[in-house]
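In: any chance you could fold what I've pasted below:
(chains A and B)
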Amino acid sequence: MAIPPQGTSRTCPGTEAVNTTEATGRAGALGIVAVLLGILLAAWHANEWMKFVIVGTPPYTVATMPEPDCEEDELVEEGLSLTECHQLAYAVHDISVSSPDWFKSFHVAVSAAGTLLSLLSIVIGIALVDYRQWAATAAVSVFGALAVLDVVSFTAVVNTGPLIRQMYLWSILIWFSIHLAMAIGAVVQRQYLRATPGLAGT
Amino acid sequence: MKPIKGYSRTALILHWFLAVSIFFLFISSWWMLGLPLASAEYRFREIPFQLHKNLGITLVAVIFVMLYVRFRHRPQPELKQMVPSWINRLASIDHVILYVMIFACCLSGYLSSSYSGWGTTLWWVVDLPNWGYENEELNILYSDMHLWTCWILLAIMAVHIGGALYHAFRNDGVIRRMLHL
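Out: Next up, the predicted model:
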């Protein structure tokens, strides 16, 4: 990979000079943030996937649920009160009672897509730090796709019950803001690279 | 910016596998401890706990492979002249504590599980022998150790990530040693 010399300036058509150190610095900052958030998001989506598979459809309803086993030694070990122990059994139903029929399979699919895109964003982040020219274009696609996935998720969650909404709306909104900022950062990086052919390496 | 020869591709893949796995373990453990206590009727904890233990055991193996790869292929030294010496010392100490804490966190978790009376089946294939017998006091002791070593690990990881961000925003090329294709 050809690394441009430090501090080289090139002129963007009709605009100010572009400093290569500034361009690699921006790519590096965007890349490390993409890697860090990609790791967190991959872990979060994978957990969501598991969560819905495990408790998405409990084998009993609130009316027919068995009495939870809250032995004293277990409560001490877990640091739980008796009330908390009973509440844990009720809380399993939070997802099922507040989900329309379509939501479980939808959320599992979104979580699977989210896990895949998050892992891709780690690779893209590494490529940005490594200053690969294709990385900026790929970053626009992946960060943009993550932002679109957040919008789709947000719209779906709005159409569920209050328990699901209080669980997810706020976190999806935060992730959407982050992905929007990253997608726009990637667009700007791509514009710089397109305006200065030969600035980046491979 | 000078080209910097970095860690090997194997070390790189293992490092990022570790990173994703550790965060998954933290996030999933916070969720799974909110599931009802295990009983004949309530079996929600079975799969998440087995997965947690299996991933933890796998991480210990990965750590050893990573250390082997790391010492077999030493990258060029960091750009020591570019950062204050205390930052270099902090980075070295942080790396050592990070490895020790990952190991301690996984080991204390496995010991706690061994004394809990609940068995571990490695990736649902091989039944692992219990190191201990069912003992409530030892289970709680190792469980507390697991908790605290993992909290310390999280704090150390924050320092580690902070260091990576510091070098990324300085654009001094140091993070390219672990971020290259």
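In: strands along chain B, start to end?
Out: B:120-122, B:126-128 (DSSP state E).
In: possible to save those as JSON lines with distance to A:His45, mean neighbour count and mean pLDDT?
Out: For the C-beta atoms, the positions are set from N, CA and C on the backbone; glycine is no exception. Formatted as JSON lines, the strands of chain B follow (distance: least, Cβ to Cβ, whole Å; neighbours: other Cβ atoms under 10 Å in any protein chain shown; pLDDT from 0 to 100):
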{"stretch": "strand B:120-122", "distance to A:His45": "25", "mean neighbour count": "14", "mean pLDDT": "84"}
{"stretch": "strand B:126-128", "distance to A:His45": "29", "mean neighbour count": "11", "mean pLDDT": "83"}
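In: what's the closest of those to B:Val174?
Out: strand B:120-122 (37.4 Å; Cβ to Cβ).
In: now the residue of chain B most remote from its centre: phi and psi?
Out: Within chain B, the residue lying farthest from the chain centre (Cα atoms, centre = their mean) is B:Glu41, at 33.0 Å. Main-chain torsions, B:Glu41, degrees, to the nearest 10: phi -90, psi -30.
In: okay but it is in contact with A:Pro58, surely?
Out: No: in this structure, B:Glu41 is not within contact of A:Pro58 by Cβ atoms under 8 Å, at 10.8 Å.
In: on that earlier part again, among the strands of chain B, which is nearest chain A?
Out: Nearest to chain A among those is strand B:120-122 (17.3 Å), distances taken as Cβ to the nearest Cβ.
In: quick one on the thing from earlier: now the strands of chain B as CSV including distance to chain A?
Out: What follows is the strands of chain B, written out as CSV (distance: least, Cβ to the nearest Cβ, whole Å):
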stretch, distance to chain A
strand B:120-122, 17
strand B:126-128, 21
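In: which among the ones you listed is found nearest to A:Pro100?
Out: Evaluated with Cβ to Cβ, these place strand B:120-122 nearest to A:Pro100, the distance being 36.0 Å.
In: check what contacts the closest one and list those residues.
Out: B:50, B:53-54, B:57, B:110, B:113-114, B:127-128, B:130 (Cβ atoms under 8 Å, 6 or more residues apart in numbering or on different chains).
In: do stretch B:89-102 as well
Out: Residues outside stretch B:89-102 that contact it (Cβ under 8 Å, 6+ apart): B:18, B:22, B:59-60, B:63, B:67, B:78, B:149-150, B:152-153, B:156-157, B:159-160, B:163.
In: lowest-confidence entry in those?
Out: Across those, no position has a lower pLDDT than B:Glu78, which has 60.
In: wouldn't A:Ala112 be in contact with A:Met50 here?
Out: No: the criterion here is Cβ under 8 Å, and A:Ala112 misses it with A:Met50 at 11.2 Å.
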